[in-house]
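*Asks:* Generate coordinates for the sequence data below:
(2 chains)
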Amino acid sequence: MNKVPLIHITRRKELPWYRSWAIRVIAVILALILCGVITLLLVGENPISIYATMIKGNFGTTKKVWNMLEELAIMLCTSLALAPAFRMKFWNLGGDGQVLMGCLGSASVMILLGGRLPNIVVILLMLVAAIIAGTIWAGIPGFFKARFNTNETLFTLMMNYIATQIVAFFVVVWENPKGSSNIGIINQASREGWLPTIFNQKYMIIIIVAVLLTVATYVYMKYTKHGYEISVVGESESTAKYIGIKVRKVILRTAALSGAICGLVGFLLVGGVSHTLTTSLSAGRGFTGVMVAWLGKFNPFFMILTSFILVFLDKGAKEITTIFGLNDSFGSILTGLILFFIIGCEFFLNYQISFRKKQNKEVA
Amino acid sequence: MNEKIPVLQLRHITKRFGDKVVANDDVSMDAYKGEILALLGENGSGKTTLMNMISGIYFPDEGEIFVNGKSVSINDPKDAFDLGIGMIHQHFKLIDVMSAAENITLGLSNEGKLNLKQTAQKINEICERYGFEVDPNQKIYNMSVSQKQTVEIVKVLYRGADILILDEPTAVLTPQETDKLFRVLRNMKEDGKTIIIITHKMHEVLEISDRVAILRKGKYICDYETKQASAQILTDAMVGHTVSLNIERPEPVDPKVRISVRDLTIRDKDGIVKIDDVSFDAYSGEVLGIAGIAGSGQKELLEAIAGLQPIEKGSIEYVEEDGSRDNLIGKDPMEIANMGVSLSFVPEDRLGMGLVGNMDLTDNMMLRSFRKGKSIFADRKTPHDLAEHVVEELDVNTPNVATPVRKLSGGNVQKILVGREIANAPKVLLTAYAVRGLDINSSYTIYDLINKQKKSGVAVVYVGEDLDVLLELCDKILVLCGGKVSGLIDGKDADKATVGLMMTKVGGGDIDE
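*Replies:* Sure thing, here's the model as predicted:
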């Protein structure tokens, strides 16, 4: 018998932008509906009020808005650090460790030099130390990749653990008060090495850095010779060699750049947000950044949106956990479901599904 | 053949990719028992897509397929095998570390234990019946290309195929190996098998096939009894208008040595000698052909000249107009370019080396030019103009210059690559298999471009596989055999048999059986 498959999947040609965005919006709506049903069934809360709480968690008060923006800026900077490396197909999973090393660099300058030099010099040295630390941390796997073609995924991943341990060591060295295993707020009274407030806003400087970095990364990847080399090396190493690009140099340079920006994030975290040093400062952003960069297709402007989605979901999840007194896993379940739909809809953007049609069958 | 029994019938087959590309448009055609049907068409005419639908790789959007008069639905390659259809792809799908017998039984879900002895016996039976030579216990990595192909064919027969589809089987074979393949195909035909063969080589179509079906732009045009057809008739039908089939060979004007290679020896990464003590000169205003069985060191030789291949010993020198010599050894492509040596290279692997498939035309043009200037920003304007120029000049079929190169057909991809490589007025042009996989029309465009370069005084090195073309196009032919120079002959006096022998044995002469 003639059995045409019931469902058959074909690749789509490019969709007009409004259709692709319609698909994405539908995905989010479906996700919200499903989450609503689950909320109702599992915890018996009204989904609408859950969603309202999520929004309030992000936008409820001016302070919350600033916190959300700060988190968004840090998230975005971390993913921007990864984007050039990923474009080169250098899978830098060591963002966390590189950020942490940046934190260590900044904190060490703050602790050791704070008060001995003019504040502006301290801040500049913190920046330099953070960038150098991050650069080294990504440069090591970059060097091995370039020289021996080692697997950078594993290498950068393992470097995270080493970074955590190094930071843990220095936390003990600099612990304050003694025996607390804690550094506490550094220079709390003098505020040496703290980033200045702009328009009286503590986080303004971080947001400005994020904006500048977004534009700079976009220009770097799209319009410069370096950016072009990164794309060619990422697409095909043999093409790169064929036209005389020094592949090793590009790999090393791009890995180092990735680490340098991660180091910058560490500087922002220590100097502008936490003013302390702990092993959990980077809080997994090096990994969430991977998702942000992929979802944003390595386009810095799309990545603003994707980091907003992730930050919004995270903050919202925390808020509903507190307000409704729920187990804190519940927020993660909702976040996971929504992300599943957002990522899953990529399939429908690239493929279309046709169902069996009626056919006439005669041999002509 | 008086009584024709159709074994495979296609009716109104349409296959679309996306909204715009119609790969096959309402194709209806038949294949009969015991015939060799050649499928002829330009690149992008939908031959491979059509065959892929028969062998279960694609599923048609519309239309029906009948095997032995019954309407069938072929969802995957296994369905195709069950119906007795087997396809031999251009790129072999064999596992190197396994023996022939293991590869042949691979994926067959027979009951009971794997019995390699029994398999070997059955393989030997098949071989005897059709005249193959396969050692069931030989490992694939020890096999020549032609042997691997034989294993692929036996694999399909082992699975009981009655309809065999071969996609450009002769592209990788020497003339002698091709003859051998054709003998086997004829034996299979006598045995009642149906063979569909895709090839671009017109003389092979005329030699082997009983009937020729022609596709043009996804549509079925017509078929001819091969006996009543000629190369000219078939080409015209395929292209849609009259095409001249002679390759021009203008007399070289004032040839001077441009590239001088002496005692060159190259080992690959595994330490195997790929080029063994090779010496030759390439002259300006001449086309130097390089003939040889696939893998005789052609790739390594060209890459060494282009600065991509470390060498063990010997010298490669570029001779300037005034007679001064520059050593090219140990320099990478960038350094060679910085020395003022204008060398262009059209590599064998177009999308893996010469171009970046995912990048658009402009960005691919940029590969050669992006470093120019001191600015940190890359100039996109000039490459954009060059892309527009190449598209217009070489009649490239593309929606626009912002289309990723991988979406273009083989001929158009090659035009982009050659167009870029000749754009910076080279002194030396190296080409590797410049017309591989190209249809006749695109091939002739490429020959014309090569001749134009030759006339403007470029030293052209043309590595080719089609001996007919090499003999017609090249002024001199360097024959390689196992990395050694087997002979250097004048293009005008050479004949195919001599070159063929030189390819298999250093210095030519009779082959010892």
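*Asks:* Just the endpoints, please. Distance across stretch A:274-285?
*Replies:* 15 Å (CA to CA, to the nearest Å).
*Asks:* centroid residue for the chain?
*Replies:* Assuming you mean chain A. A:G289 (1.9 Å; CA atoms, centre = their mean).
*Asks:* my bad, chain B
*Replies:* B:R436 (3.4 Å).
*Asks:* how long is stretch B:80-88 end to end?
*Replies:* Per CA to CA, stretch B:80-88 runs 13 Å from first to last residue.
*Asks:* Oops, could you answer that again for stretch B:431-449 instead?
*Replies:* 12 Å.
*Asks:* Report the buried residues of that stretch.
*Replies:* Using 16 or more other CB atoms under 10 Å in any protein chain shown as the test for burial, stretch B:431-449 gives B:431-447, B:449. All C-beta atoms are positioned from the backbone trio N, CA, C, and that covers glycine.
*Asks:* any bit of it sitting next to chain A?
*Replies:* No: applying CB under 8 Å from any CB of the partner chain, one finds stretch B:431-449 out of contact with chain A, separated by at least 11.8 Å.
*Asks:* Could you do stretch B:312-329 as well?
*Replies:* No: Stretch B:312-329 stays out of contact with chain A when judged by CB under 8 Å from any CB, the minimum separation being 13.2 Å.
*Asks:* how distant is that stretch from the center of its chain?
*Replies:* Taking CA atoms, centre = their mean, to the nearest Å, the mean C-alpha location of stretch B:312-329 is offset from the chain mean by 31 Å.
*Asks:* Packing partners of the helix or strand hosting A:M126?
*Replies:* Using DSSP states H and E, A:M126 maps to helix A:119-148. The helices and strands touching helix A:119-148, judged by 3 or more CB pairs under 8 Å, 6 or more residues apart in numbering or on different chains; DSSP states H and E, are helix A:95-113, helix A:152-173, helix A:247-268.
*Asks:* list the buried ones in the first one?
*Replies:* Judged by neighbour count using 16+ other CB under 10 Å, the buried positions of helix A:95-113 are A:95-111, A:113.
*Asks:* low-scoring stretches of the chain, by residue?
*Replies:* All of this is about chain A. In the predicted model, chain A carries pLDDT under 70 at residues A:1-6, A:8, A:13-14, A:356-364.
*Asks:* switch to chain B, that's the one I care about
*Replies:* Using pLDDT under 70, the flagged stretches of chain B are B:1-3, B:18-20, B:43, B:109-113, B:507-513.
*Asks:* In terms of secondary structure, what does whichever strand or helix holds B:K415 contact?
*Replies:* Secondary structure from DSSP H and E places B:K415 in helix B:410-423. In terms of contacts (3+ CB pairs under 8 Å, 6+ apart), helix B:410-423 is packed against strand B:343-346, helix B:361-369, helix B:381-393, strand B:428-432, helix B:440-455.
*Asks:* please redo it, this time with the cut-off set to 7 Å
*Replies:* strand B:343-346, helix B:361-369, helix B:381-393, helix B:440-455 (3 or more CB pairs under 7 Å, 6 or more residues apart in numbering or on different chains; DSSP states H and E).
*Asks:* Give me the domain ranges for chain B.
*Replies:* B:6-239, B:246-342+B:425-513, B:359-424 (automatic domain parsing).
*Asks:* what distance separates the start and the end of the first one?
*Replies:* Between the opening and closing residues of domain B:6-239 lies a distance of 28 Å (CA to CA).
*Asks:* follow-up on the earlier one: tell me which of the helices and strands packed on helix A:119-148 lies nearest to chain B.
*Replies:* Between chain B and the helices and strands packed on helix A:119-148, the shortest gap by CB to the nearest CB is with helix A:247-268, which sits at 10.3 Å.
*Asks:* Could you pull out the buried residues of that closest one?
*Replies:* So for helix A:247-268, counting by 16+ other CB under 10 Å, buried means A:247, A:250-268.
*Asks:* now do stretch B:198-205
*Replies:* B:198-202, B:204-205.
*Asks:* Mind checking which of these are in helices?
*Replies:* B:202, B:204-205 (DSSP state H).
*Asks:* and B:K93, how far is that from B:M87?
*Replies:* Distance, B:K93 to B:M87, using CB to CB, to the nearest Å: 10 Å.
*Asks:* er, A:E175 I mean
*Replies:* 70 Å.
*Asks:* ok, the two, which is more surrounded?
*Replies:* Using other CB atoms under 10 Å in any protein chain shown as the criterion, A:E175 and B:M87 rank with B:M87 on top: 23 against 14.
*Asks:* who does the host helix or strand of that one touch, helix- and strand-wise?
*Replies:* For B:M87, the host element (DSSP H and E) is strand B:85-88. Other elements packing on strand B:85-88 under the criterion 3+ CB pairs under 7 Å, 6+ apart are helix B:145-158, strand B:163-167.
*Asks:* need the ones you listed in a markdown table with mean neighbour count and distance to A:Y228, can you?
*Replies:* A markdown table is the format used below for the helices and strands packed on strand B:85-88 (neighbours: other CB atoms under 10 Å in any protein chain shown; distance: least, CB to CB, whole Å):
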| stretch | mean neighbour count | distance to A:Y228 |
| --- | --- | --- |
| helix B:145-158 | 21 | 37 |
| strand B:163-167 | 24 | 36 |
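*Asks:* Just say helix, strand or coil for B:D270.
*Replies:* coil (DSSP: H, G, I helix; E, B strand; the rest coil).
*Asks:* Can you report phi and psi for it?
*Replies:* phi -90, psi 10 (degrees, to the nearest 10).
*Asks:* For A:G272, find the nearest of the helices and strands packed on strand B:85-88.
*Replies:* Closest approach to A:G272 among the helices and strands packed on strand B:85-88 (CB to CB): strand B:163-167, 61.7 Å.
*Asks:* Would you mind giving the orientation angle of that closest one with respect to helix B:145-158?
*Replies:* 160 degrees (axes from the mean of the first three to the mean of the last three CA atoms, to 10 degrees).
*Asks:* Could you list the buried residues of the helix or strand following strand B:163-167?
*Replies:* Using DSSP H and E, the helix or strand that follows strand B:163-167 in sequence is helix B:175-190. Of all the residues in helix B:175-190, those buried under the rule 16+ other CB under 10 Å are B:175-178, B:180-182, B:184-185, B:188-189.
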